[in-house]
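**Q** Got a sequence here, can you build the structure:
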Amino acid sequence: MHLTHLSLTNFRNYGRLELDLEPGATLLYGANAQGKTNLLEAVYYLATTRSQHAALDNQLLNWEADQADDPLVVGRLVARVARQEGERLLEMRLIREQQGNQSSFRREALVDRRKVRLMDLLGNLRVVLFLPQDVQMVTGAPTERRRYLDITLCQTDPIYCRTLSRYNKVLEQRNATLRRIAEEGRGSDVLPIFTEKLVDLGGVIFARRASFVAAIAREAQRIHYEELTDGRETLRLHYHPQLYNASFANGSDARAVQIEWAEWLENADAGQAAARFKDALLDAQDLDLARGRTTLGPQRDDWSFMVNGRDLASFGSRGQQRTAILALKLAEIEWMAAETEETPVLLLDEVVAELDERRRALLLGYIQQGTQAILTATDPAMFTDDFLSQAEILEVQGGRVMESRLKTDEQTADVFHE
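**A** Sure, this is the predicted structure:
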């Protein structure tokens, strides 16, 4: 799998970009705030329908175009993707309309020029993204870790993605019913209906997440132990499914029970997971009514990193945390390739500068073995001559992508449109 062409219109600081891409490594270099990260963001957005930086999708529109008096502003992201079964044309439109004093924003997804649901765009292009701030997956809130699970699984498993979407809608309905019962004393008759729907969908999510974490944990452990730490440190990833009410025990006991349930889920099917989820929700129903929300379920899941038996978030050094994330991302490449029989496109935003020489060499080895990788850097000198001789090198300045002068003595003109 690889991108053959990327087209951007009114996206971030790109008014217009037409860029042909080759298999192998492409290095985008230039000063900060020139558009290198924005280009990676565009590829990631086409793969996942999400931005790793913007809180709101309308923030992705080119600022100058968005500030114009035009009643209609359209941002377009288009990619041609070469896959085993043939080429796909993917497009995302970001549309801002102004009617009088009212402004609206919407998104449209297209595959081979046919409009599709946003979730149907997923899986046509698969990526693994490396960011310097990925270490927040170790130290940050559970929301970050759940987001990683969902984005990775949705790129490979459409059933999981549809189930997750339906689960979130039913969860909203159940929570609204819980509040109505608490505040108005009505809705008890429909609560069992929403509970039943929730447990069926939740069972699929619990089982799939447990299977995924177990699989990627094995590969991450191998990479971490054999290739990153010379056998000095062991890495464990533990899934913490919210099938157990932690208020009934102290924190350490609750965590131990969650790990036991995760091990059980690895070998359970969706029906068995749903049955356990139903029992847990019935046990927690009084608490749910008191709080006006569902206190158990996949929406409260978490997972953690352990190095040499110690919680990496609490006791690990910055270097250990960065090494664990590198092992996770390299394992993600291997897992996704095994699941889909296609190597994902690798996106690396200034991460090479974060690594020591050995880990940098390991990562560049994965890049050179893969089908396609797009990297950004402020200084190409951090790469080896061997890597630079094999990579396509492009310079980015102010939303313009130019042929690099690193491989030629002659200054070249722009080869891509602004």
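**Q** mind listing what Pro132 touches?
**A** With contact set as Cβ atoms under 8 Å, 6 or more residues apart in numbering, Pro132 has these partners: 349-351, 354. C-betas here are computed from N, CA, C, even on glycine.
**Q** gap between it and Ala274?
**A** Pro132 is 40 Å from Ala274, where distance means Cβ to Cβ, to the nearest Å.
**Q** do the same with Thr294
**A** 15 Å.
**Q** Helices along the stretch 201-350 of the chain, start to end?
**A** 251-266, 270-283, 285-291, 312-315, 318-340 (DSSP state H, counting those that start in this stretch).
**Q** and those, which one is worst for confidence?
**A** In terms of average pLDDT, helix 251-266 trails the rest of the helices of the stretch 201-350 of the chain, at a mean of 81.
**Q** Next, count neighbours for Glu144.
**A** Residues near Glu144, counting by other Cβ atoms under 10 Å, number 15.
**Q** should've said Ala290
**A** Using other Cβ under 10 Å as the criterion, the residues surrounding Ala290 number 11.
**Q** Repeat that for Ala141.
**A** 10.
**Q** again with Gln390
**A** 12.
**Q** ok, it - contacts?
**A** Gln390 neighbours (Cβ under 8 Å, 6+ apart): 24-25, 368.
**Q** got a winner among those for most neighbours?
**A** Most surrounded of the contacts of Gln390: other Cβ under 10 Å gives Ala25, at 22 neighbours.
**Q** where does the protein have low pLDDT?
**A** For the chain, the stretches flagged by pLDDT under 70 are 246-252, 405-418.
**Q** All the strands of the stretch 301-418 of the chain, residue numbers only.
**A** Using DSSP state E, counting those that start in this stretch, the strands of the stretch 301-418 of the chain run over 302-307, 310-311, 345-349, 372-377, 392-397, 400-403.
**Q** So what are the sheet partners of the third one and their directions?
**A** I take that to be strand 345-349. strand 127-130 (parallel), strand 372-377 (parallel) (DSSP bridges).
**Q** of the strands of the stretch 301-418 of the chain, which approaches Arg232 most closely?
**A** Proximity to Arg232, assessed across those by Cβ to Cβ, is greatest for strand 302-307 (10.2 Å).
**Q** ok, the nearest residue in space to Gly316 that is not next to it in sequence to Phe206 distance?
**A** Leaving aside its chain neighbours, Gly316 sits nearest to Val307 (5.7 Å; criterion: Cβ to Cβ, 6 or more residues apart in numbering). Distance of Val307 to Phe206, computed by Cβ to Cβ: 26 Å.
**Q** Same question for Thr323.
**A** From Thr323 to Phe206 the distance is 29 Å (Cβ to Cβ).
**Q** Next: Glu332.
**A** 21 Å.
**Q** So for these two, which sits in the more crowded spot?
**A** Neighbours were counted for Glu332 and for Phe206 using other Cβ under 10 Å; Phe206 has more, 28 against 21.
**Q** Which residue is the nearest non-sequential neighbour of that one?
**A** Phe206's closest residue in space is Ala273 (Cβ to Cβ, 6+ apart), at 4.3 Å.
**Q** and the one you found, what does it touch?
**A** 202-204, 206-207, 210, 265.
**Q** Would you map out the domains in this structure?
**A** Split into domains by automatic domain parsing, the chain comes to 1-126+343-418, 145-341.
**Q** okay, Thr294 and Ala274: which has more neighbours?
**A** Legend: neighbour count by other Cβ under 10 Å for Thr294 and Ala274, higher for Thr294 (25 against 22).
**Q** if we can go back for a sec, closest to Leu328 out of the contacts of Ala273?
**A** Nearest to Leu328 among the contacts of Ala273, with distances taken as Cβ to Cβ, is Ala210, at 16.8 Å.
**Q** name the helices or strands packed onto the longest strand anywhere in the chain?
**A** Identified as the longest strand of the chain according to DSSP state E is strand 86-99. Judged by 3 or more Cβ pairs under 8 Å, 6 or more residues apart in numbering; DSSP states H and E, strand 86-99 is in contact with strand 2-11, helix 36-48, strand 72-83, strand 102-111.
**Q** what's the most buried one of these?
**A** helix 36-48 (a mean of 23; mean count of other Cβ atoms under 10 Å).
**Q** For that helix, output the C-alpha coordinates as CSV.
**A** Taking C-alpha atoms only, helix 36-48 is exported to CSV below (Å, rounded to 0.1, in the frame of the first residue of the first chain):
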residue,chain,number,x,y,z
LYS,A,36,5.6,19.9,7.0
THR,A,37,3.4,18.6,9.8
ASN,A,38,0.3,19.9,8.0
LEU,A,39,1.1,17.6,5.1
LEU,A,40,1.3,14.6,7.4
GLU,A,41,-1.9,15.7,9.1
ALA,A,42,-3.7,15.6,5.7
VAL,A,43,-2.6,12.0,5.0
TYR,A,44,-3.6,11.0,8.6
TYR,A,45,-6.9,12.7,8.2
LEU,A,46,-7.7,10.8,5.0
ALA,A,47,-6.8,7.5,6.7
THR,A,48,-8.7,8.1,10.0
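**Q** Also compute the angle for that helix relative to strand 392-397, please.
**A** 120 degrees (axes from the mean of the first three to the mean of the last three Cα atoms, to 10 degrees).
**Q** Give me the next element, helix or strand, following helix 36-48.
**A** Sequence-wise, the next helix or strand downstream of helix 36-48 (DSSP states H and E) is helix 63-67.
**Q** residues making contact with that following helix?
**A** With Cβ under 8 Å, 6+ apart, helix 63-67 has contacts from 10, 13, 15, 58, 73, 75, 96.
**Q** In CSV: those, plus distance to Leu121.
**A** Output for the contacts of helix 63-67, formatted as CSV (distance: Cβ to Cβ, whole Å):
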residue, distance to Leu121
Asn10, 19
Asn13, 24
Gly15, 24
Asn58, 18
Val73, 21
Gly75, 15
Arg96, 20
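**Q** what's near enough to touch the residue nearest the centre of the chain?
**A** The chain has Ile151 as the residue nearest its centroid, 4.1 Å off, counting by Cα atoms, centre = their mean. By Cβ under 8 Å, 6+ apart, the residues touching Ile151 are 48, 50.
**Q** does it count as helix, strand or coil?
**A** For Ile151, the secondary-structure state derived from DSSP: H, G, I helix; E, B strand; the rest coil is helix.
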